[in-house]
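Undergrad: Please work out how this folds:
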Amino acid sequence: MDTNCGCTQTQADQLPIAMAYVPKQKWNGTYELGQALDKGTIFPDLDKPFMVGGGLIHG
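TA: Numbers count the residues shown, from 1 in each chain. Predicted coordinates for the structure are as follows:
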């Protein structure tokens, strides 16, 4: 197996570790404090069902 990639150690050190892409999201309001604490999120758009193995929905 050829492990020579053609780059040098100094070149690899100058590359970014990672890059992120975060799309803009529409602001649709928030839950009231008590409801947010109960749901585990303040944002209704992030309030998704929690699925455990076997397709069972919890929450």
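Undergrad: helix, strand or coil for the most centrally placed residue in the chain?
TA: In the chain, the centroid-proximal residue (C-alpha atoms, centre = their mean) is Val22; its distance is 9.1 Å. At Val22 the chain is in coil, as set by DSSP: H, G, I helix; E, B strand; the rest coil.
Undergrad: Tell me both backbone torsions, phi and psi, for it.
TA: Main-chain torsions, Val22, degrees, to the nearest 10: phi -120, psi 110.
Undergrad: contacting residues for it?
TA: Residues near Val22 by C-beta atoms under 8 Å, 6 or more residues apart in numbering: none. Where you see a C-beta, it was placed from the backbone N, CA and C, and this is true even at glycine.
Undergrad: If I look at it, what pLDDT would I see?
TA: On pLDDT, Val22 comes in at 85.
Undergrad: Kindly format the C-alpha coordinates of whatever helix or strand Gln35 lives in as PDB.
TA: Assessed by DSSP states H and E, Gln35 sits inside helix 33-39. C-alpha atoms of helix 33-39 as PDB (Å, rounded to 0.1, in the frame of the first residue of the first chain):
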ATOM      1  CA  LEU A  33     -40.600  28.900  30.100                       C
ATOM      2  CA  GLY A  34     -42.600  26.100  31.800                       C
ATOM      3  CA  GLN A  35     -43.400  24.300  28.500                       C
ATOM      4  CA  ALA A  36     -39.800  24.700  27.300                       C
ATOM      5  CA  LEU A  37     -38.500  23.100  30.400                       C
ATOM      6  CA  ASP A  38     -41.000  20.200  30.000                       C
ATOM      7  CA  LYS A  39     -40.100  19.700  26.300                       C
END
